[in-house]
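Colleague: using only what follows, build the 3D model:
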Amino acid sequence: MSVKVYIDGQEGTTGLKILQRFEGRTDIEILKISEEKRKDNDERKKFINSSDFTFLCLPDAASREAVSFIENDNVRIIDASTAHRTNPDWAYGFPELSAAHREKITASNRVAVPGCYASGFASLMYPLVSGGIVPADYPVVCHAVSGYSGAGKKAIAVYEGDEKPYEYNSPRQYALPQAHKHLPEMMKISGLDYEPVFNPLICDYFSGMVVTVPIITRLLPKKYTLDDIHKIFCEHYEGQKLVKVMPKMGEGVLADGFLAANTLSDRNDMEIFVCGNDDRIVLCSRLDNLGKGASGAAVQCLNIMMGIDETTGLV
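Modeller: This is a model prediction of the structure:
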């Protein structure tokens, strides 16, 4: 028996990528709103309350509005916006972080899909903070590079247009005032007392990202070696299907010394690298900002909520 799924905002990048991941699935019945009524609130309300699952691929205000339309207590919401990611009443849609995260997703009617940068960041910091390796008040710095697809329709049009500005050929730093919308999520989900210094760059390629966090081991309460930290990550993510801790450099990984950000483009998994030395450890999380960082994660959450293999439609 199929479940009825409605995507509110199905014409946007995330909505289209979710639809793409449903191709060939017979257990999903897509409820499609007509183009002329997709912004009609009465029509949206009807579709939301007629669904078993509704994905919200909308700006924050519109997502909150959509939730207010719910009258059917059985409707389960998967929100890809920033609106509910730090709300304790919502499940945080990153099941690999802990058994508790997975259990809450399974049981919840309200799931917030993590942000792309926040996914990479939490994958690195949550195991260390929750495990007591890195103190909650550690002065965290995060660098990240991403393809331009995460910047929205207008930016995509500029990057792919005939009149692309010269500067767009170069990586461009942004969020320099330290007010990026993912920062509250990055701090709270990882268990930090303070927001990290966050240095994201948008680059001239379509999709894929690497999120990097350096750790200075002399600032930790206890001395840890590179091998210690690698073992901690291997144990934390052992058995996970969509998050893989890679072997250390020199073991057939990153043989040329370079870590590309677009390698997982169009995929739904994540790779974690533990690099550096015993004094300065460099943690890197590689993922597709449109896959494990958005649509892939949303579909993974749906699969878990349906009680089926979480990788259905994703591998």
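Colleague: tell me the domain ranges of this structure?
Modeller: For the chain, automatic domain parsing gives the domain ranges 3-114+293-306, 116-290.
Colleague: does anything pack onto the helix ranked longest in the chain? Which helices or strands?
Modeller: Looking only at the chain and at elements set by DSSP state H, the helix with the highest residue count is helix 116-130. Helices and strands in packing contact with helix 116-130 are listed as strand 141-147, helix 183-190, strand 209-216, helix 226-236, strand 270-276, strand 280-287; criterion 3 or more C-beta pairs under 8 Å, 6 or more residues apart in numbering; DSSP states H and E. In short, each C-beta sits where N, CA and C put it, glycine included.
Colleague: following the last one, which helix or strand shows up next?
Modeller: Translated: strand 280-287. Scanning the chain past strand 280-287 towards its C-terminal end, the next helix or strand to appear is helix 296-306 (assignment: DSSP states H and E).
Colleague: one step back: now the helices and strands packed on helix 116-130 in JSON lines, with distance to residue 294, mean neighbour count and mean pLDDT?
Modeller: Shown next, in JSON lines, are the helices and strands packed on helix 116-130 (distance: least, C-beta to C-beta, whole Å; neighbours: other C-beta atoms under 10 Å; pLDDT from 0 to 100):
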{"stretch": "strand 141-147", "distance to residue 294": "11", "mean neighbour count": "21", "mean pLDDT": "98"}
{"stretch": "helix 183-190", "distance to residue 294": "14", "mean neighbour count": "21", "mean pLDDT": "98"}
{"stretch": "strand 209-216", "distance to residue 294": "11", "mean neighbour count": "23", "mean pLDDT": "98"}
{"stretch": "helix 226-236", "distance to residue 294": "23", "mean neighbour count": "17", "mean pLDDT": "98"}
{"stretch": "strand 270-276", "distance to residue 294": "12", "mean neighbour count": "22", "mean pLDDT": "97"}
{"stretch": "strand 280-287", "distance to residue 294": "10", "mean neighbour count": "23", "mean pLDDT": "98"}
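Colleague: okay, the angle between the longest helix of the chain and strand 270-276?
Modeller: Angle of helix 116-130 versus strand 270-276, following axes from the mean of the first three to the mean of the last three C-alpha atoms, to 10 degrees, is 60 degrees.
Colleague: which residues touch residue 147?
Modeller: Contacts here follow C-beta atoms under 8 Å, 6 or more residues apart in numbering; on that basis residue 147 touches 202, 203, 205, 206, 207, 208, 209, 261, 262, 265, 289.
Colleague: meant to ask about residue 165
Modeller: If you count contacts by C-beta under 8 Å, 6+ apart, residue 165 has them with residue 158.
Colleague: over to residue 212?
Modeller: For residue 212, the contact set (C-beta under 8 Å, 6+ apart) comprises 142, 143, 144, 282, 283, 284, 285.
Colleague: so how far is residue 80 from the third one?
Modeller: This means residue 144. Distance from residue 144 to residue 80, counting by C-beta to C-beta, to the nearest Å: 19 Å.
Colleague: do the second one as well
Modeller: Using C-beta to C-beta, one obtains 24 Å as the distance from residue 143 to residue 80.
Colleague: please enumerate the helices of the stretch 51-200 of the chain.
Modeller: 60-68, 99-107, 116-130, 153-160, 183-190 (DSSP state H, counting those that start in this stretch).
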